[in-house]
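*Asks:* Pasting the sequence and the predicted model now:
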Amino acid sequence: MENELLRMKELKISREKNVKKLTKVLNLLVNLEWEICTVASKTNDNISKLAIKSVSDSAACIQTAISRLISTEINHVKENNTEEQKNKIKIKNDNIKLQTLRKVVLNKK
C-alpha cells in the first residue's frame, strides 16, 4: 500500500511538471493562432487560414495530452500488455500466411 502511495506521489510531481510545460506550449500556440488569424483576416489569405486550422489541431492534441496527464491512472501497463499480445498473435498469423504462400509458390515452380 505504501508503495502505491509513493508511486502516486512520484507520478503526481512528474505529471505536474509536464502539465506546466505543455500549458506554456499551448498558450504559445493559442497566441500564434490569434496572430495568424488577425493577419489572414486583414490580407484575406486563404493559405494562412489553412495554417490556422493546423495550429488549432496541434492545440487540441496538446489539450488531450494535458487531460491524460491530469487523469488519476497509475499504470497503463495492462492495456499495453494486451496490445503486445495482439501484435504477437498478428505476427504469428502473418508468419503462417507467409509459410502457406511459400508452399504454394514452391509447388507451382
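*Replies:* Sure, I can see it. Everything quoted here is computed from the prediction, not taken from an experiment.
*Asks:* Make sure residue 33 is actually in contact with residue 55.
*Replies:* Yes - the pair residue 33 / residue 55 is scored as a contact, 4.7 Å apart, by CB atoms under 8 Å. All C-beta atoms are positioned from the backbone trio N, CA, C, and that covers glycine.
*Asks:* Quick check: residue 63 touching residue 29?
*Replies:* No - between residue 63 and residue 29 there is no contact, the gap being 9.8 Å when judged by CB under 8 Å.
*Asks:* Who has more neighbours out of the two?
*Replies:* The residue with the greater number of neighbours, taking residue 63 and residue 29 and applying other CB atoms under 10 Å, is residue 29; the counts read 18 against 14.
*Asks:* got a list of what the more buried one touches?
*Replies:* When the contact criterion is CB atoms under 8 Å, 6 or more residues apart in numbering, the partners of residue 29 are 55, 58, 59, 62.
*Asks:* Equivalent analysis for residue 59, please.
*Replies:* Under the criterion of CB under 8 Å, 6+ apart, the neighbours of residue 59 are 26, 29, 30, 33.
*Asks:* Of these, which count as buried by neighbour count?
*Replies:* 26, 29, 33 (16 or more other CB atoms under 10 Å).
*Asks:* among the residues you listed, which are in helices?
*Replies:* Mapping these onto helices (DSSP state H) picks out 26, 29, 33.
*Asks:* List just the nearest of the residues you listed to residue 19.
*Replies:* Comparing these against residue 19 with CB to CB places residue 26 closest, at 9.9 Å.
*Asks:* I'd like to know how far the nearest residue to the closest one once chain neighbours are set aside sits from residue 22.
*Replies:* If the residues on either side of it in the chain are set aside, residue 26 comes closest to residue 62, at 4.8 Å by CB to CB, 6 or more residues apart in numbering. Distance of residue 62 to residue 22, computed by CB to CB, to the nearest Å: 6 Å.
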